[in-house]
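Student: predicted model and sequence below, questions to follow.
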4 protein chains.
Amino acid sequence: MSNFRNHVQLIGNVGEDPKITLLDGGRKVARFPMATNEYYTNNQGEKIQNTDWHQVVAWGKTADILEKYTAKGSEIGVQGKIKTRSYTTEDGNQRFVTEIVADEVLLMGSKAAQEASEPKTPRSKSTKKTSAKKDA
Amino acid sequence: MSNFRNHVQLIGNVGEDPKITLLDGGRKVARFPMATNEYYTNNQGEKIQNTDWHQVVAWGKTADILEKYTAKGSEIGVQGKIKTRSYTTEDGNQRFVTEIVADEVLLMGSKAAQEASEPKTPRSKSTKKTSAKKDA
Amino acid sequence: MSNFRNHVQLIGNVGEDPKITLLDGGRKVARFPMATNEYYTNNQGEKIQNTDWHQVVAWGKTADILEKYTAKGSEIGVQGKIKTRSYTTEDGNQRFVTEIVADEVLLMGSKAAQEASEPKTPRSKSTKKTSAKKDA
Amino acid sequence: MSNFRNHVQLIGNVGEDPKITLLDGGRKVARFPMATNEYYTNNQGEKIQNTDWHQVVAWGKTADILEKYTAKGSEIGVQGKIKTRSYTTEDGNQRFVTEIVADEVLLMGSKAAQEASEPKTPRSKSTKKTSAKKDA
DNA sequence: TTTT
DNA sequence: TTTT
């Protein structure tokens, strides 16, 4: 229900190898810059590339996937939400950082996607999976 | 990872009370028609409303929410994927039905949303929740 | 082609009346803060509301709609892209601002939507329009 | 304003060369089947690929891009809306077809995207264009 | 700070 | 078969 009201999707390239941090509770965090490119032809007929940079953060399983399957340059997709944090600088000023908190990662190319395929974690736990959804 | 490649979002009205079915394993299914409306002014300056109808299916927890909080006429949002099933008619012909398999429901209006708020089911199970994500 | 790689959707409330600016060329800009709310029940069973704030910018026709139909408190949806601008402070430091550049606005409630319905092909004015897209 | 309430995104492969039709008014239509794949590991630890098929239709400029840059097997993304049409068979029965009406196409790989980059404000031709949107 |  |  959360991601409906605050939903972001980016498709582009990992700008640096994801920086992995292990928190006290054993929870993993991945952080990296990501570039999205837009291509268009301007009024003078020149082909223009416009790049936007984003700070991406991911937790838990999503951080695992990023750690294992992505590196600087990887083409990926990311879904998540926008979050602006504030912090105080040493000299007492307030600053803001806007980050994309990713909860899904798409590895471009089906090979990578297949390798990274994880056991599903369905909403409700059924020991025996009915095939109702599958044969739909 | 699934919903990136096949992703649908509808905002509109429930056309009939969701029909709830309990499957053998205790799993719940909700089915209902949903209308999405588009408004525009045509070339003659007339205001036009164009309605599209969709067959929505939801499972488990999402079906619970639909059962409890929606009825004919409810304004909701739905996120999920498109799935076309085929079946064979009595006289041996193949037919297709396209359904929206919903995995998220948005109840319009914040009151409904608050009532329906469920315990989070985070990707990885931590007994003690760090507040790391909160203050991000 | 642009909004695929850098795509944001927010549903929430206008935090302040949109501030309208007219640029030299006659082009209009609207700026306003927007809140998105997330509702969930925490481990202690408490209902929590978590609010994120976003700076939204809109141009041209989208700014027109915002000016006419929204005010502080309005419930709206916004689609667009994320853009981080940098600027230099008076004392020579570089700062970053992340904004949501909106290209679509959704007025919640069908009444508002109908009132605001504009001739299609909205970005630029074309006198004559085929209805080919309608009969798809 | 339309695509907010009825919005689809597919990332996958073109199943057949797009079939191009020219309508009376000179307007172009492209039609093709598109596959989206989902990868996951089932309870038995087997890697499963699940494929969904979609009928995609595109008009005008979007059809142009599909005609020029895609063929059977191309990896593309598509954004648009869901539309269910009904028609009557020769023997007088009503049938339904659900199609994805695409208004954006994403060519995977930045090379293709750059080649296909078109002048902005694509829906209709405007001679003069301000660059106001760029400096947002 | 990415990619072609 | 919804909503205003």
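Tutor: Perfect, I can see it now.

Student: got the residues of chain A near DNA strand E?
Tutor: A:12-16, A:33, A:35, A:37, A:49, A:51, A:53, A:72-73, A:75 (C-beta under 7 Å from any atom of the strand). To be clear about C-beta, it is placed using only N, CA and C from the backbone, and glycine gets the same treatment.

Student: what sits up against the longest helix seen in chain A?
Tutor: In chain A, assigned by DSSP state H, the helix with the most residues is helix A:60-69. Helix A:60-69 has contacts (C-beta atoms under 8 Å, 6 or more residues apart in numbering or on different chains) with A:18, A:20, A:27-30, A:32, A:58, A:102-105, A:107, A:112, A:115-116, A:118, B:122-124.

Student: helix or strand: which one has the residue of chain A most remote from its centre?
Tutor: Largest separation from the mean C-alpha position in chain A: residue A:44, at 35.4 Å (C-alpha atoms, centre = their mean). Assignment of secondary structure by DSSP states H and E places residue A:44 within no helix or strand.

Student: what sits closest to residue A:116 if chain neighbours are left out?
Tutor: Closest residue to residue A:116 apart from its sequence neighbours, by C-beta to C-beta, 6 or more residues apart in numbering or on different chains: residue A:69 at 5.0 Å.

Student: what of residue A:71?
Tutor: residue A:17 (5.1 Å).

Student: let me see the mean pLDDT of stretch A:86-99.
Tutor: The average pLDDT for stretch A:86-99 rounds to 91.

Student: export it as CSV, just CAs?
Tutor: Output of stretch A:86-99 as CSV, limited to C-alpha atoms (Å, rounded to 0.1, in the frame of the first residue of the first chain):
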residue,chain,number,x,y,z
SER,A,86,17.7,16.1,6.8
TYR,A,87,20.9,16.2,8.8
THR,A,88,22.8,18.9,10.6
THR,A,89,26.3,19.9,9.6
GLU,A,90,29.2,20.4,12.0
ASP,A,91,28.5,24.1,12.0
GLY,A,92,24.9,23.6,12.9
ASN,A,93,23.2,24.1,9.6
GLN,A,94,20.4,21.9,8.3
ARG,A,95,20.9,20.1,5.0
PHE,A,96,18.7,17.9,3.0
VAL,A,97,19.5,14.8,0.9
THR,A,98,17.0,13.1,-1.3
GLU,A,99,17.4,9.4,-1.9
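
Student: buried stuff in that stretch?
Tutor: Applying a neighbour-count criterion of 16 or more other C-beta atoms under 10 Å in any protein chain shown, one finds A:98-99 buried in stretch A:86-99.

Student: is it positioned near chain D?
Tutor: No. Using C-beta under 8 Å from any C-beta of the partner chain, stretch A:86-99 stays clear of chain D, coming no nearer than 15.4 Å.

Student: which residues touch that stretch?
Tutor: Residues contacting stretch A:86-99 (C-beta under 8 Å, 6+ apart): A:55-57, A:82-85, B:136, C:82, C:84, C:95-98.

Student: quick one: which of those has the most company?
Tutor: residue A:56 (24 neighbours; other C-beta atoms under 10 Å in any protein chain shown).

Student: quick check: beta-bridge partners of it?
Tutor: Beta-bridge partners of residue A:56, counted by DSSP bridges, are residue A:32, residue A:100.

Student: I figured it hits residue A:29, correct?
Tutor: No. Using C-beta atoms under 8 Å, residue A:56 is not in contact with residue A:29, being 10.9 Å away.

Student: ok, back up a step: and the residue nearest to residue A:71, what pLDDT?
Tutor: At residue A:17, the model reports a pLDDT of 98.

Student: which neighbouring elements make contact with the strand or helix carrying residue A:58?
Tutor: Using DSSP H and E, residue A:58 sits within strand A:47-59. Counting contacts by 3 or more C-beta pairs under 8 Å, 6 or more residues apart in numbering or on different chains; DSSP states H and E, strand A:47-59 packs against strand A:28-41, strand A:75-88, strand A:94-107, strand C:75-88.
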